[in-house]
Structures are given as structure tokens and as C-alpha cells.
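# Following is a predicted model, sequence given first.
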Amino acid sequence: MTKQTLRILAGLFFVLLLQTGCAMHRSGQDDKTPAISAKELVKSTKSWNGESLPAYPQGQPEITIMRISIPAGAKLHTHSHPVINAGVLVGGQLTVLTTDGQTLHLKAGDPIVEVVNTMHHGVNDGDGPAEIIVFYAGTPGAPITVVGQQ
């Protein structure tokens, strides 16, 4: 694993810790302060459909972190991602479908290592909004999402 990859992963881990509200234990505090906890949600060299992840692009890395809210009953446009990305569904439920018929059902708390260069879309078939935080590992000026035909 390259230093660049380790830096990216460390940054993503830090943001996830902040997002979930993990407590920071400082020296000098009493024993009533909650301990720090860390739970690995996913570690993979493959996307959710079993395809191997591609190599990172050469050049200056650029991390994009997005919080996406999908209303109940909404369907995203069919799209693909030319870069590696991963996320955590922090609320609601979401179904991801590839154009070749593969399906993934997510519920709140589930991680996802997204498909790369594969047309797909998401559907919120729940009663409330689906909230997902997604981390994209790209390069400056290159798209992280390419919308296809719906």
C-alpha cells in the first residue's frame, strides 16, 4: 500500500470518527469519560459486486466527501463513478441496482464500497430520507460521477 493510499484512508477514518460522534479521551479526565472506540466497517480490494478495484490515478490526489440526502421514493439518475469511492448509509435505507441486474440493499449503518465504471442507480424505497456520506478518491479536474441515460 502506498503512502498516498495510507494518507487517504487515515483521513477518511478520521472523518468517520467525527461523523459518528466518538468521544475524545483527554488525559486528566475522570473515569466517567467514555473510552474511544473504533470499529472497522469495511476493508476490501473489491467493490460490493465483487469486481476488483482499479489502481488509483496518477497525479495529485483529491478527496471529495459528500453527504447525499435522497427523499423517500426517489430514484437517482443512472450514473457511474470513474474513481474509487466508499460510503456509509447513516440513515434510512437504499437499494443500489446495476444496469446488468445486480442489486445491493443497504440499511442505516451499512458501509458500501461502490462499483467503479459500472452504470447503476439508487432507489430509496423506505418511508424516510436516505442519508449517505460518500468519500471519493480522485484527481483535480476529473469527474467523480458521470450521469448516463435514465
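The structure has been received and is ready for your questions.
# quick one, strands of the protein?
For the chain, strands defined by DSSP state E occupy the ranges 62-70, 79-80, 84-91, 93-98, 103-107, 111-113, 120-123, 130-138, 146-147.
# just how off-centre is the third one within its chain?
Relative to the chain's own centre, strand 84-91 is displaced by 3 Å; criterion: Cα atoms, centre = their mean, to the nearest Å.
# hmm, back to that, relative to residue 36, which of the strands of the chain is closest?
strand 84-91 (18.5 Å; Cβ to Cβ). The C-beta positions use only the backbone N, C-alpha and C, and glycine is treated the same way.
# Show me what the closest one pairs with in its sheet, parallel or antiparallel.
strand 111-113 (antiparallel), strand 130-138 (antiparallel) (DSSP bridges).
# Out of the ones you listed, which one sits most buried?
Mean neighbours per residue, mean count of other Cβ atoms under 10 Å, is largest over those for strand 130-138, with a mean of 21.
# Grab the most central residue of the chain for me.
residue 87 (1.3 Å; Cα atoms, centre = their mean).
# Share the number of residues neighbouring residue 33, please.
Residues near residue 33, counting by other Cβ atoms under 10 Å, number 12.
# What about residue 125, how many residues nearby?
Considering only other Cβ under 10 Å, residue 125 is surrounded by 15 other residues.
# The residue nearest to the centre of the chain bridge partners, please.
Where residue 87 sits in a bridge, its partners, by DSSP bridges, are residue 112, residue 134.
# From residue 120, how far off is it?
13 Å (Cβ to Cβ, to the nearest Å).
# what does residue 143 give?
Taking Cβ to Cβ, one finds residue 143 at 16 Å from residue 120.
# quick one, which of these two is more surrounded?
residue 120 (22 against 12).
# quick one on the thing from earlier: tabulate the strands paired with strand 84-91 in JSON lines, adding columns for mean pLDDT and distance to residue 73.
What follows is these, written out as JSON lines (pLDDT from 0 to 100; distance: least, Cβ to Cβ, whole Å):
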{"stretch": "strand 111-113", "mean pLDDT": "98", "distance to residue 73": "20"}
{"stretch": "strand 130-138", "mean pLDDT": "97", "distance to residue 73": "10"}
